[in-house]
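Engineer: Got a predicted model here, sequence first, then my questions.
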Amino acid sequence: SASVARYALVLGDDALIAAQRLGELISSAPELEEDVALANIGLDELGQARALLQYAGRADGRSEDDLAYLRDEAEFRSAHLVEQPNGDFAGVIAKLLLFSLYQRELYAALTGSTDNYLAAVAAKAVKEVRYHVEHAVTWTIRLGDGTDESHRRMQGALDAVWPYLDELFEVADFADLAADGTAVDASALRTAFDTALDVVLDEATLTRPDVPAIRARGRYGEHSQHLGYLLAEMQVLARKHPGAAW
Amino acid sequence: SASVARYALVLGDDALIAAQRLGELISSAPELEEDVALANIGLDELGQARALLQYAGRADGRSEDDLAYLRDEAEFRSAHLVEQPNGDFAGVIAKLLLFSLYQRELYAALTGSTDNYLAAVAAKAVKEVRYHVEHAVTWTIRLGDGTDESHRRMQGALDAVWPYLDELFEVADFADLAADGTAVDASALRTAFDTALDVVLDEATLTRPDVPAIRARGRYGEHSQHLGYLLAEMQVLARKHPGAAW
Amino acid sequence: RDRQDRFDETVAAESRIEPRDWMPDAYRKTLVRQMAQHAHSEIIGMQPEGNWITRAPSLKRKAILMAKVQDEAGHGLYLYSAAETLGVDREDLTEQLIDGSAKYSSIFNYPTPTWADMGAIGWLVDGAAIVNQVPLTRCSYGPYARAMVRICKEESFHQRQGFEILYELSHGTDAQHEMAQQAINRWWWPSLMMFGPPDDQSPNSARSMAWKIKRFSNDELRQRFIDMCVPQAEILGLDIPDPELNWNAERGHYDFGPIDWDEFFQVLKGHGPCNALRVSHRRRAHEDGAWVREAAAAHAEKQARTAA
Amino acid sequence: RDRQDRFDETVAAESRIEPRDWMPDAYRKTLVRQMAQHAHSEIIGMQPEGNWITRAPSLKRKAILMAKVQDEAGHGLYLYSAAETLGVDREDLTEQLIDGSAKYSSIFNYPTPTWADMGAIGWLVDGAAIVNQVPLTRCSYGPYARAMVRICKEESFHQRQGFEILYELSHGTDAQHEMAQQAINRWWWPSLMMFGPPDDQSPNSARSMAWKIKRFSNDELRQRFIDMCVPQAEILGLDIPDPELNWNAERGHYDFGPIDWDEFFQVLKGHGPCNALRVSHRRRAHEDGAWVREAAAAHAEKQARTAA
């Protein structure tokens, strides 16, 4: 249905934009092993994005590429968190920590969806995301509990992305789908998320940020100012060569 | 003539790309006064670019915007130097120092062009560029002769842009135009440039870089890898709304 | 006593208070707060428009926009200078801005997702600023009044440019027209909030009016702005997103719908879509520039030593 | 004497020299140089293709390209490990790379201005790499030979993907076909230079062949590559930019035009269009990562202390 398609778009756009940001990093990581790891995570996110966009496009016959390359900014449904620029390595890890902990809860719940396609995507993704969480947690602890500088940077990075966290747990317009078991009620994931996060922050000697959440409405097509630049770059060939196949 | 148009494009593209890079900086300078100054310089470059592109477009009826917004990367004629990313403030100043010293010699010589339009553009530009040189020189000296950190950064920035310097003084395909007094023989400007630069470097306690020049062929449409990104961003609206007026 | 009388007489006579004149502490504090907030707004206000300089759709528009953002930096500089005549330090004011404790106009915490926002900011935000600021050219504090004369002249130029951008879009392709309409829809209500809370919730207004810093109440200025915009929107061919907007012949003004003050206070408290971005951008520019400012100071000191 | 004999016999018998075996110093040095250069080439080689990950024109191509660049990082890691079996340290090798003293394949000093370069790199550069590397799977040094087995398998996968990109472009719109042809024009000659200077200017080749590190001469491999490409180019519907390319029935090979070795040596000496960019990108990644590596070390040390 159209509303399931809209829901798949929300999840798919988050994954797509997260993958695009990770794609920017390749060959710039602090170690080669980390280049490999970040590319892995990016590939997982890209795979999830493709599965979800393919599903979203079925409703009106659009391909994954139509959706990725030919939508305008206001038609995207990504959250502000994944749109944020990478910043330094602590910024990458802070974003990954929050996003992967959220995705872990999300996909775990979605494996029980009454929609078989979504349940199947979630079943695959939940295994992938387990590794993302592990990776983000390991680095959060290393950086938080490493040197003074790394602690300062990690705390700063966490503070910087914190305002964009709440949006992930907003239900947006999918109450009906959540009620009939198709979609996940994102607000119900928050407690498990917070519990898991607190354990990590504690071991990393980091403090839960005390900065106000922003009123982010990416689910309604109102995006952070970074998305326009990201899309201009991502879509440049599709815009220049309308109708071409690649 | 077509070859005068091609020559105007070379000069105009340099100015346009330089202006675009300066436009990225606004609201990010180390002081508000510097935001004002860099915007001034950017506006001067943009004005020169417009005058030159208007002239270049006359040959085949293209407007300044057709040339700025609808050409592909390989049709641009800018030098690699102006395409380089800004980097930190020392990077901005290093690029401005080399480019403005070059432009000062270039426009001074071009005021004597047998082409009245080019001579008029040069007559206006030469006054503007005098200020750019002064600004770049002042900061080069401040940074070179400031703190250890600023010295290190300024020298590093100079070393980083140095490989792209030689291209500015290559004659490219305009020997005929230079012979008949329309164009400037860029290679003849190098001595005056070097003399002026050495004075600045000396006062700034900086060393003339000892790094190899690269084989840059921007004048033939072979650009640094940065230009594609710059154009994707600059041209995004024109590409998305073909034929629209603004 | 004497000093107070002289101050009161100067204000009453529509003369100007100058930096060396005695003035009540509360007057000074009110002015410092207002001028600093005004300066900060100009500086933060560079960002929403700076966002489109590299993507401006024509070279002419790019030049106009660059010049406009540059003017805003200039306005910030005048206003900091004017504030410094009251004994505050620009560096302290900057610190307050980047640590998030200083206020600036909440309007700049909204994003600029499309080019049409450049038009809407010029037409509506600069339009509202002008309505707010023209009376300030007669402010009782001399340096502030004089700064406002110059600033208002430039702002009205900016407003016309914003109008032109919207006119061009409104009469362009369907997609452009829609882009313009969406921008108006986004900026209309926030621009009405620029005049501050309703008079009955604006406790300090009366005192500012007595001191002739302020000349008209928030609601008066807001009404003036609305009355000005409605006919302009007709020329633009764009709709103002208020179904209750109606000419009231009796009042001689347009009636308008209720303003969502809850949103206003949310944004003011830091929950706006761009609060975090605006302050962190400013902070980063300042911090990234620290080594540059240190270098300039070190070099100046060396020069001074050599000269001595 | 004995050791040398045993070494010579192992090599002659096509057995493998293993890390703990005795080997001549010159053999060790040659291998270290070659393996380090090979590893560096993989690492630097991530950049020309990394340049198009964010701009890949379909999600499928984006995924393939990301996976490919990731493979290159992986190859670099195997090769550094293989080099470490000879007693060198990866950190030292990295230092040599970022201070510009180490060599890597000159081919990566060319830019990738269009998407078609992703095709040309896959088809030609990876193609040339395979021709160079397949014989290395029988290299006399065991760890290198084994690394090459795995790497070659992935490279041939990459080459097929490059061929597919070009095929798609060649049979797409006129603009796409032209983009593909231009890319071939740009990459053809540099890819021929990947086999190194002509045999008569390659003094160390004979020794490497005696040691069974190298199996074929530069010119033999180059010819093999050309013979392989010509029919593939026909399938692609793209021209190889060499007017002198002609089947020579007598030789049973394609004849080809003269190679501009002057350009080769210019690029080798650092004047290539991207030499400065490639090394400085690597240096920046390394330097920007210093605080991260320090943090990881500090944390590991704390953990070790707690455990003790």
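Structural biologist: Sure, I can see it.
Engineer: interface residues of the stretch 151-300 of chain C facing chain A?
Structural biologist: Along the stretch 151-300 of chain C, the residues adjacent to chain A under the rule Cβ under 8 Å from any Cβ of the partner chain are C:182, C:266-267, C:269-277, C:280. C-beta coordinates here come from the backbone N, C-alpha and C atoms, glycine included.
Engineer: count of neighbours near C:E301?
Structural biologist: Residues contacting C:E301 under the criterion other Cβ atoms under 10 Å in any protein chain shown number 11.
Engineer: Spit out the contact partners of the closest residue to chain A within chain C.
Structural biologist: Each residue of chain C has a distance to chain A, by Cβ to the nearest Cβ, and the smallest belongs to C:G270, at 4.1 Å. The neighbours of C:G270, taking Cβ atoms under 8 Å, 6 or more residues apart in numbering or on different chains as the test, are A:211-212, A:214, C:100, C:276.
Engineer: Next step: those restricted to helices.
Structural biologist: Using DSSP state H, the members of these that fall in helices are C:A276.
Engineer: what residues does chain A put near chain C?
Structural biologist: A:73-74, A:160, A:163, A:211-217, A:222-225, A:228, A:232.
Engineer: near chain D, which of the contacts of C:G270 show up?
Structural biologist: By Cβ under 8 Å from any Cβ, no member of these lies near chain D.
Engineer: and of the contacts of C:G270, the nearest to chain B?
Structural biologist: If you rank the contacts of C:G270 by distance to chain B using Cβ to the nearest Cβ, C:A276 comes first, at 16.0 Å.
Engineer: Spell out which residues of the stretch 51-200 of chain C are next to chain B.
Structural biologist: For the stretch 51-200 of chain C, the residues in contact with chain B (Cβ under 8 Å from any Cβ) are C:53-55, C:57-63, C:66-67, C:69-70, C:73-74, C:76-77, C:80, C:115, C:165, C:168-169, C:172-173, C:175-176.
Engineer: swap in the stretch 201-308 of chain C?
Structural biologist: C:281, C:284-286, C:288-300, C:302.
Engineer: Now, of those, which are buried?
Structural biologist: By the neighbour-count criterion of 16 or more other Cβ atoms under 10 Å in any protein chain shown, these include these buried positions: C:281, C:285-286, C:289, C:291-293, C:295-296, C:298-299.
Engineer: Does the residue lying closest to C:P190 once chain neighbours are set aside belong to a helix, a strand or coil?
Structural biologist: Nearest non-adjacent residue to C:P190, counting by Cβ to Cβ, 6 or more residues apart in numbering or on different chains: C:I107, 5.3 Å away. With DSSP: H, G, I helix; E, B strand; the rest coil as the basis, the three-state label of C:I107 is helix.
Engineer: The one 5 residues further on too?
Structural biologist: State at C:T112, reduced to three classes by three-state DSSP: coil.
Engineer: list the contacts for it?
Structural biologist: Contacts here follow Cβ under 8 Å, 6+ apart; on that basis C:T112 touches A:225, C:48-49, C:51-52, C:118, C:121.
Engineer: Tell me the spacing between it and A:S224.
Structural biologist: According to Cβ to Cβ, to the nearest Å, C:T112 stands 11 Å off from A:S224.
Engineer: wait, doesn't A:Q54 sit right on A:E64?
Structural biologist: Yes: assessed by Cβ atoms under 8 Å, A:Q54 is found in contact with A:E64 at 5.0 Å.
Engineer: Burial check on residue 84, number of neighbours?
Structural biologist: I'll assume chain A. Other residues near A:Q84 come to 21 when the count uses other Cβ under 10 Å.
Engineer: Can you look at chain C instead?
Structural biologist: In terms of burial, C:E84 registers 16 neighbours under the definition other Cβ under 10 Å.
Engineer: In space, what's closest to it - neighbours in sequence excluded?
Structural biologist: Spatial nearest neighbour of C:E84, chain neighbours left out: C:R90 (6.0 Å); criterion: Cβ to Cβ, 6+ apart.
Engineer: how far does the helix or strand bottoming out on mean pLDDT in chain A sit from the chain's center?
Structural biologist: Of all regular secondary-structure elements in chain A, judged by mean pLDDT, DSSP states H and E, the least confident is helix A:175-179 with a mean of 92. Using Cα atoms, centre = their mean, to the nearest Å, we find the averaged C-alpha position of helix A:175-179 to lie 21 Å away from the chain's own average C-alpha position.
Engineer: Going by residue numbers, what spans are helices in the stretch 51-200 of chain C?
Structural biologist: Across the stretch 51-200 of chain C, reading from the start of the chain, the helices by DSSP state H, counting those that start in this stretch fall at C:59-84, C:90-98, C:116-120, C:126-133, C:142-170, C:174-193.
Engineer: thinking again about what came up before, would you check how far apart the residue of chain C closest to chain A and C:A276 are?
Structural biologist: 8 Å.
Engineer: Overlap in contacts, these two.
Structural biologist: Counting by Cβ under 8 Å, 6+ apart, the shared contacts of C:G270 and C:A276 are A:211-212, A:214.
Engineer: Just the residues of chain A next to chain C: which are in helices?
Structural biologist: Counting by DSSP H, these contribute A:160, A:228, A:232 to helices.
Engineer: Which SSE is immediately downstream of the least confident helix or strand of chain A?
Structural biologist: Helices and strands here follow DSSP states H and E; after helix A:175-179, the next one along the chain is helix A:190-203.
Engineer: right, is that following helix up against chain D?
Structural biologist: No: counting by Cβ under 8 Å from any Cβ, chain D is not contacted by helix A:190-203; separation bottoms out at 10.7 Å.
Engineer: chain center to that helix, what's the gap?
Structural biologist: Taking Cα atoms, centre = their mean, the mean C-alpha location of helix A:190-203 is offset from the chain mean by 18 Å.
Engineer: One more: stretch A:206-218?
Structural biologist: Distance, centroid of stretch A:206-218 to centroid of chain: 16 Å (Cα atoms, centre = their mean).
Engineer: could you give the mean pLDDT of it?
Structural biologist: pLDDT averaged over stretch A:206-218 equals 93, rounded to a whole number.
Engineer: got a list of contacts for that stretch?
Structural biologist: With contacts defined as Cβ under 8 Å, 6+ apart, stretch A:206-218 is touched by A:76-81, A:83, A:140, A:144, A:151, A:154-155, A:158-159, A:162-167, A:197-198, A:201, A:222, A:224, C:266-267, C:269-276.
Engineer: Distance check, the residue nearest to C:P190 against C:W188.
Structural biologist: When Cβ to Cβ is applied, the distance between C:I107 and C:W188 equals 11 Å.
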